[in-house]
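Q: A structural model of the following input is requested.
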Amino acid sequence: MTLLGLFLAVLAGVCRAETPQTLRDRLLRLAEEAEAFGQAAPEIIGQEHLEQVAAQPLPRFQIRGAKQEIPYKTRTIDSEYGFARFSSDGQNLHEVRQVLTVDGRQVKAPGKLRETLSMGLRTDTDRLKKKMLKEFESYGLREAATDFGQLILLFTKRQLDNYTFAPVRSQFLGADKVTVVSYEQKDGDTAMTVFEGRQVERHRLKGEVWLRETDGLPLRITLDGSQVEKNFTLVRNASVDYALSAYGVLLPAALTYSESVGGHLLVENRFRYSDYKKFGASSELKFTVDDSEMKENPPKEKK
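A: Numbering: from 1, shown residues only. Below you'll find the model as predicted:
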């Protein structure tokens, strides 16, 4: 390569470099998509498919000296899935779901989630989240993850200044070239909530946003909720892929949440979303768990 050619190549690389203004423009696009999601999501219901792979206890009796492989169990749950605001929670948006099938066995009829729209709910939000988690646990699932689908709402225009952003790399996500931008929370009340028995832990937010280079469209948002203990590190990771829907707004397409310790997987939840439909309704929703139905007709464990 000639000296002139080398100079032009370096100049082109400099021109393509991420400037603060370019990053700010892309973050404003992220904020626009977040606000559009917040307006449209309460009037959309879809289908959620969850596949969970979870570590099981080691056998009580073990062969001395033999290497023990961690046993895993896979469960599946299909649900009606949507979002709702609750008047007791400052109109924040939360995931809601109605379980339909467990491991292919129907436990509830479809359509109930939509039927309960327009009914107000005044309750403690943490208590409601625990109730949803207990419903999952009643079907034999452990460490179910909720309230990740609306992760994009962390980045409305009003909240952008609550984070520090920094471009870290360029790569492909499918056929799209993206700029991966790290974020870390500076202040604010928003946090990742983790229920540990009776304790409620909240962690400051950090992770990455994957922005399409051509137009800044957010295609993936990740969340790092790892926690360092005295003798080990509990690694918690969530990743949400978004796609443009038929209604012109981004909606969750796929979500993965995992927990591991010392390189050993404890649980992985893989969600897939489809068949979104829009309807006119109030943005408030009442989520109920029919305890009597669950006691009279509990789902059978897979053997």
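Q: Please, where are all the helices along the chain?
A: 3-16, 20-40, 112-115, 125-138, 291-296 (DSSP state H).
Q: Dig out what Pro252 forms beta bridges with.
A: Beta bridges link Pro252 to Tyr242 when assigned by DSSP bridges.
Q: Could you report the distance from it to Asp161?
A: To Asp161, Pro252 is 25 Å away according to C-beta to C-beta, to the nearest Å. Every C-beta, even on glycine, is put in place using the N, C-alpha and C of the backbone.
Q: Over to Glu43?
A: 29 Å.
Q: of those two, who's got more company?
A: A direct count of neighbours by other C-beta atoms under 10 Å for Glu43 and Asp161 places Glu43 higher, at 17 against 10.
Q: Name the nearest residue to the more buried one, ignoring sequence neighbours.
A: Excluding its sequence neighbours, the residue lying closest to Glu43 (C-beta to C-beta, 6 or more residues apart in numbering) is Lys278, at 5.5 Å.
Q: Quick check: pLDDT value at Tyr74.
A: Just so we're on the same page, residue 74 is Thr rather than Tyr. Listed pLDDT for Thr74 reads 93.
Q: Contact partners for Lys206?
A: 182-185, 223-224 (C-beta atoms under 8 Å, 6 or more residues apart in numbering).
Q: Tell me what Lys277 is bridged to.
A: Ile45.
Q: Tyr72 reaches Ala54, doesn't it?
A: Yes. Tyr72 is within contact range of Ala54, at 6.6 Å (criterion: C-beta atoms under 8 Å).
Q: out of these two, which sits in the busier spot?
A: The neighbour comparison of Tyr72 against Ala54 (other C-beta under 10 Å) goes to Ala54, with 20 against 14.
Q: Nearest spatial neighbour of that one, chain-adjacent residues omitted?
A: Val267 (4.5 Å).
Q: what residue ranges in the protein are flagged as low confidence?
A: Within the chain, the stretches with pLDDT under 70 are 1-21, 58-68, 86-91, 112-134, 136-137, 140, 142-145, 188-203, 229-230, 280-303.
Q: What segments of it are strands?
A: 44-55, 72-85, 93-102, 105-106, 163-173, 176-185, 192-196, 199-203, 206-212, 218-224, 227-228, 233-244, 250-261, 264-278 (DSSP state E).
Q: Could you export those strands as TSV, including distance to Ser138?
A: Below are the strands of the chain laid out as TSV (distance: least, C-beta to C-beta, whole Å):
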stretch	distance to Ser138
strand 44-55	14
strand 72-85	11
strand 93-102	9
strand 105-106	14
strand 163-173	36
strand 176-185	33
strand 192-196	15
strand 199-203	20
strand 206-212	30
strand 218-224	26
strand 227-228	26
strand 233-244	23
strand 250-261	19
strand 264-278	16
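Q: Arg24 is nearest to which of those?
A: strand 163-173 (8.9 Å; C-beta to C-beta).
Q: Tell me how many other residues crowd Asp176.
A: As a burial measure, Asp176 scores 16 neighbours (other C-beta under 10 Å).
Q: before we move on, back to that, quick one: which of the contacts of Lys206 is nearest Gln98?
A: Among the contacts of Lys206, and counting by C-beta to C-beta, the member closest to Gln98 is Leu223, at 25.1 Å.
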